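**Q** Here's my sequence, what's the structure:
(chains A and B)
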There are 2 protein chains.
Amino acid sequence: MAEKLAWKEKAQLKRDQLNNKIKHEWKLDDTTIRRLKDDKKNLIKNIDSLCPSLENQITHSTIIKLRERLDNEELTCHEITVAFCHRAALIHQVVNCLSEIMFSEALKVADYHDSHRPATLPPLYGIPISLKDQCNIDGVDTSLGYLCRTFKPKTKNEESLIVRFLRDLGAIIFVKTTVPSSMMATDTESNTFGYTYNSVNLGFSSGGSSGGEGSLIGAHGSLLGLGTDIGGSIRIPSSYQGLFGLKPTFGRLPYLKVDNSFEGRETIPSVIGPLAKDLSDLRYFMNCIINTCKPWTEDVKCIPYHFDYTTNALHNNYVVGIWYGDGVVDLPPSDIRALKTCEDLVNNTKGMKTVKWEPSSELSRELFDVANEADVADSGNEIRGEFKLSGEPLLDILKPMVLDDGRPPYTVNEWWDLTKRVYNAQQSLRNYFLSFPESERPDVIISPTTLMPFRPGDMLKTTLRYILLFNVLNFPSLSVPVGSVNCQIDGPMDVSSALNTEDKMIKTYWNDLVESGDIEGFPIGLQIVSPTFDDNEVCKFASWLFGKI
Amino acid sequence: MAEKLAWKEKAQLKRDQLNNKIKHEWKLDDTTIRRLKDDKKNLIKNIDSLCPSLENQITHSTIIKLRERLDNEELTCHEITVAFCHRAALIHQVVNCLSEIMFSEALKVADYHDSHRPATLPPLYGIPISLKDQCNIDGVDTSLGYLCRTFKPKTKNEESLIVRFLRDLGAIIFVKTTVPSSMMATDTESNTFGYTYNSVNLGFSSGGSSGGEGSLIGAHGSLLGLGTDIGGSIRIPSSYQGLFGLKPTFGRLPYLKVDNSFEGRETIPSVIGPLAKDLSDLRYFMNCIINTCKPWTEDVKCIPYHFDYTTNALHNNYVVGIWYGDGVVDLPPSDIRALKTCEDLVNNTKGMKTVKWEPSSELSRELFDVANEADVADSGNEIRGEFKLSGEPLLDILKPMVLDDGRPPYTVNEWWDLTKRVYNAQQSLRNYFLSFPESERPDVIISPTTLMPFRPGDMLKTTLRYILLFNVLNFPSLSVPVGSVNCQIDGPMDVSSALNTEDKMIKTYWNDLVESGDIEGFPIGLQIVSPTFDDNEVCKFASWLFGKI
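**A** Numbering: from 1, shown residues only, chains lettered A, B, ... in the order given. Reported below is the predicted structural model:
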């Protein structure tokens, strides 16, 4: 039936079906919604006040602590699941972060778990996990933010391998979260589900493309969720909501049967990874999927790999690269301050030191350019086609992807040429790394990431210069929150000394955010990356760092 | 100067320069050449009769034994290098397998080695290694069989990483070997260097594209050389000359700065690997490059991996899949006999068993089709362009690659679709593997390979059905010789029961080869592959097998 509706009606029907899955007692009235929306920086506190204290205890806990309490029979799966379903429902009504609600299915699983409790609990037993709207679940749509893909529930056979792993580990899947149509944007909006706001500061974007995940987890509506990252889509929402988000090396976590844009595009591939409130939870999760499920046995794209979750000990003569900028776009004062904090912590520790990480601006530019060219290689063919299928209008945030300048899509020869450029750029960076004396080669690098948040509509006023290159390089990257912006300390930037038009735009936008005070208290995001392709090293170092901060 | 010549003159000049590097004493007169060419099946013996006995001792030895004799100072690097240079020169004058001769440079290195002998000799110290004409060497052309690429010597900075590794390990580079222009053929011919004959039976093709390597090593002109394989190019010449040839899993050996066709084509990638007379030598070589040189530190495409060379012990409950054919093209009686020999050896060993490996014909067809489609995705653009640059005429063996049917090259979207099909086919095969009970899942599979040789001009009368799929699957594959054809035992095939046109063609060709007696004594090739992506397992099993045969 839905197929025959005009796009607006069909989108409305999808939204109605979604919101009808929130039970009456969990619905907020318009006045409350308005009040919560207006109090931009206090969503967590405001949601807390609407929830019973046991639920707040649960949702403010960690996976590891909840597992202990489940082990000790201090909590039931039912209690935990209700707490997260309720909170996710409330958060959604303010920030608009959910695309699929599976509360009743989740509670059924929880109740089954409680009544069939095994002697030894599987590692994610009773833990609710949220999923970006790319993961396939039996009986549920996977929209990728496209209206044409709604009302086409996936079958059991189409279920994502990682979803099956989660079920096998005892996890409880309870929601899917919003994405920008196609996922090829760093903001989260679609004609079907609307706009997803930042849950840490409602005046800003949640980021994207895993924006629904970021916003949900940011307000404690989930402890851990799965996102994907082809150009920052895990790290940007993590950075914008003060979370830990890991873009793993390609082949660590299984992408098998996870729907995607540009399927078959293997140059600068999308990877799947976790966003979490707590770093130990994130490492615990990686350990479960990698060491317990051994994804390489089933997904041919996965590489045999062990993930060490038990130790934070770093080897002797540990070297940390600090990247103060690429010479193309300067860092805001908040990033410089956060980097200096980390640098001091490292240098004040015996057996550790920092080095300056400063690949040439030319190489940084090339790493950025190849990523951008890859994104528009098909001249928007695929995205245009998906929009056409439902008749929904193209979104502004996708216009950089759908150029409509009459340029034909790349030929396969042009694509191979671009792929060759990617390899050359990767290799140039490797040569830069090898140019350090062996004792000075960084084990990990601390890098800027998003630089600053943006208001709805301002996506193009920010830069991906510190994001895309790590997709091109296939370095594992962990997005980490390091303090928050203090407008007194982190004052305006000198626009008159801008290096170029882009730098000027960024500096001007920063000054606007500082002068308005909007950015006050906003989390500062950095990323920890490693030229060793070792996800485990990145996580271990982060645990060491956060043991110090 | 060469640039201004018409293509024929330029090609002649290149050949003259090549052949002038063979010193007068090593030149064969026309009568001898004619005699050796006519005695098709006895080249090794005939060359032996032209060489001093010390040289024959050396060239019929193995790397491992030569290393021992070098260690014990029973031989000098000079003696070894002269032996191989001399023999290679003689073989070349009959089969036409060399594209670059570096005898004087090689002898200089050998003499330097001898006069600067270190206390501990590096692992390949004093061992001459031959290289397919894709590897870049300072001061030497890399032609890929294209005339337009001759007279453009590479610089030090362009040298292939693996060449640098070989130098570091003490190896002596003495020749580069012929390839078909573009390397996208299984025969070896170019306008510049002409046709390369099989050194085991001069009535047949050397195979391709590493045909020069195969033919040179086949007649003991080198103990080990490097080839590449995107669709059989290591395995086919190995099979045709009774050698061991390893197509490694992608990322084991470094391809960095090795020139190639279709650079940037990462779907079904070309890999580099060794061809060798002796299996232990091949394993020793892999161990040197992987464990000693650690290619992943320098080539970003390489994956950290340990190669175990010291043991042949197989684990308990070892399972070997035997593949008696894909249901599309039947195996000749020689292959069936060789497979049965292996099957019996396994089943007569305690703790080992065989299972039938029989993926569906439909899947076999798809694995074959995607490889073929990938090869012509650019409609011959690149190859046509290279030929055009020098004005040399297109070769018949390349006409399947350069369709000239007016079809445009794939768009990037079509290419991504094909890449998706590749992944789906890989995954279907993985699902077939997983459909075995765990105790029955093969550790390795013994598979047919080339089925039969072909005469010059008959390339298209053979099939790649048992070759291409292992490129698509990225399985490591070791080409192994298992006995030889006996026309009495391996009689004609029943053409009337042919499964299809292709099968009929193959059966008819086989009968022709048997009835003419030409194939009598020709090596039977099989391949050992592994669905575990473990090159080491494949080699270990082969060592076990050849300990029994």
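
**Q** Now the closest residue to chain B within the stretch 251-400 of chain A: which helix or strand?
**A** As assessed by C-beta to the nearest C-beta, chain B sits closest to A:Gly264 within the stretch 251-400 of chain A, at 3.4 Å. Just so you know, the C-beta spots here come from the backbone N, C-alpha and C atoms, and that holds for glycine as well. When elements are assigned from DSSP states H and E, A:Gly264 belongs to no helix and no strand.

**Q** mind listing what it touches?
**A** B:415-421, B:423 (C-beta atoms under 8 Å, 6 or more residues apart in numbering or on different chains).

**Q** same check, this time on A:Thr532
**A** Counted by C-beta under 8 Å, 6+ apart, A:Thr532 has contacts A:Asp443.

**Q** redo that, cut-off 10 Å
**A** Each residue near A:Thr532 by C-beta atoms under 10 Å, 6 or more residues apart in numbering or on different chains is listed here: A:249, A:433, A:441-444, A:475-476, A:538, B:296-297, B:304.

**Q** Show me which residues of the stretch 251-400 of chain A are close to chain B?
**A** Proximity of the stretch 251-400 of chain A to chain B (C-beta under 10 Å from any C-beta of the partner chain) is limited to residues A:251, A:255-257, A:260, A:262-267, A:296-301, A:303-305, A:374, A:377-379, A:381-382, A:385.

**Q** Show the buried residues in those residues.
**A** Among those, the ones that count as buried by 16 or more other C-beta atoms under 10 Å in any protein chain shown are A:251, A:255-257, A:260, A:262-267, A:296, A:298-301, A:303, A:305, A:374, A:377-379, A:382.

**Q** So which of the residues of the stretch 251-400 of chain A next to chain B belong to strands?
**A** Members of these lying in strands (criterion: DSSP state E): none.

**Q** Now do A:Thr311, the pLDDT please.
**A** Looking at A:Thr311, its pLDDT is 85.

**Q** wait, it sits on A:Asn287?
**A** No: with contact defined as C-beta atoms under 10 Å, A:Thr311 does not count as touching A:Asn287 (11.5 Å).

**Q** So if I had to pick from the two, which one is more boxed in?
**A** Under the neighbour definition other C-beta atoms under 10 Å in any protein chain shown, A:Thr311 and A:Asn287 were set side by side, and A:Asn287 has more, 18 against 9.

**Q** Convert the C-alpha atoms of the strand or helix carrying the more buried one to PDB, please.
**A** Counting by DSSP H and E, the element that carries A:Asn287 is helix A:279-287. Taking C-alpha atoms only, helix A:279-287 is exported to PDB below (Å, rounded to 0.1, in the frame of the first residue of the first chain):
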ATOM      1  CA  LEU A 279      36.300   3.400  26.700                       C
ATOM      2  CA  SER A 280      36.500   0.100  28.600                       C
ATOM      3  CA  ASP A 281      33.100  -0.900  27.300                       C
ATOM      4  CA  LEU A 282      34.300  -0.200  23.700                       C
ATOM      5  CA  ARG A 283      37.300  -2.300  24.200                       C
ATOM      6  CA  TYR A 284      35.300  -5.100  25.900                       C
ATOM      7  CA  PHE A 285      32.900  -5.000  22.800                       C
ATOM      8  CA  MET A 286      35.800  -5.200  20.300                       C
ATOM      9  CA  ASN A 287      37.200  -8.100  22.300                       C
END
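
**Q** how near is the most centrally placed residue in chain A to B:His306?
**A** By C-alpha atoms, centre = their mean, chain A has its centre lying nearest to A:Ile234, at 2.1 Å. A:Ile234 is 31 Å from B:His306, where distance means C-beta to C-beta, to the nearest Å.

**Q** again, but for A:Leu389
**A** Distance from A:Leu389 to B:His306, by C-beta to C-beta: 50 Å.

**Q** Looking at these two, which is more packed in?
**A** A:Leu389 (13 against 10).

**Q** Show me where the stretch 301-450 of chain A dips below the pLDDT cut-off.
**A** Applying pLDDT under 70 to the stretch 301-450 of chain A flags no residue at all.

**Q** mind listing the strands for it?
**A** All strands of the stretch 301-450 of chain A, identified by DSSP state E, counting those that start in this stretch, fall at A:318-322, A:352-356, A:444-448.

**Q** Can you show me the strands along the stretch 151-300 of chain A?
**A** A:172-177, A:189-190, A:194-195, A:224-229, A:244-247, A:271-276.

**Q** can I see the domain layout of chain A?
**A** Per the TED database, the structural domains of chain A span A:12-297, A:318-534.

**Q** contacting residues for the closest residue to A:Gly351 other than its chain neighbours?
**A** Once flanking residues are discounted, A:Gly351 sits nearest to A:Asn316: 5.2 Å by C-beta to C-beta, 6 or more residues apart in numbering or on different chains. Contact partners of A:Asn316, counting by C-beta under 10 Å, 6+ apart, are A:350-352.

**Q** Format those residues as TSV; extra columns: neighbour count.
**A** Below are the contacts of A:Asn316 laid out as TSV (neighbours: other C-beta atoms under 10 Å in any protein chain shown):
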residue	neighbour count
A:Lys350	6
A:Gly351	9
A:Met352	18
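
**Q** Going along the chain, name the helices of the stretch 401-549 of chain A.
**A** Taking DSSP state H, counting those that start in this stretch, the helices of the stretch 401-549 of chain A run over residues A:412-434, A:468-473, A:501-516, A:535-548.

**Q** would CSV of those helices with distance to B:Pro122 and mean neighbour count be doable?
**A** Shown next, in CSV, are the helices of the stretch 401-549 of chain A (distance: least, C-beta to C-beta, whole Å; neighbours: other C-beta atoms under 10 Å in any protein chain shown):
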stretch, distance to B:Pro122, mean neighbour count
helix A:412-434, 21, 19
helix A:468-473, 33, 24
helix A:501-516, 51, 18
helix A:535-548, 31, 21
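
**Q** Could you dump those helices into JSON lines with distance to B:Asn198 added?
**A** Output for the helices of the stretch 401-549 of chain A, formatted as JSON lines (distance: least, C-beta to C-beta, whole Å):
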{"stretch": "helix A:412-434", "distance to B:Asn198": "33"}
{"stretch": "helix A:468-473", "distance to B:Asn198": "45"}
{"stretch": "helix A:501-516", "distance to B:Asn198": "61"}
{"stretch": "helix A:535-548", "distance to B:Asn198": "49"}
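
**Q** Relative to chain B, which of those is closest?
**A** Of the helices of the stretch 401-549 of chain A, nearest to chain B by C-beta to the nearest C-beta is helix A:412-434, at 3.4 Å.

**Q** what's that closest one packed up against?
**A** With contacts taken as 3 or more C-beta pairs under 10 Å, 6 or more residues apart in numbering or on different chains; DSSP states H and E, helix A:412-434 sits against helix A:361-375, helix A:468-473, helix B:381-390, helix B:412-434.

**Q** Number of residues surrounding whatever residue of the stretch 1-150 of chain A ends up closest to chain B?
**A** Closest approach between the stretch 1-150 of chain A and chain B, counting by C-beta to the nearest C-beta: A:Asn136, at 14.5 Å. Neighbour count of A:Asn136, defined by other C-beta under 10 Å: 24.

**Q** any idea how far the spatially closest residue to A:Phe436 that is not a sequence neighbour is from A:Tyr432?
**A** Nearest residue to A:Phe436, sequence neighbours excluded (C-beta to C-beta, 6+ apart): A:Val355, at 6.8 Å. Using C-beta to C-beta, A:Val355 is found at 12 Å from A:Tyr432.
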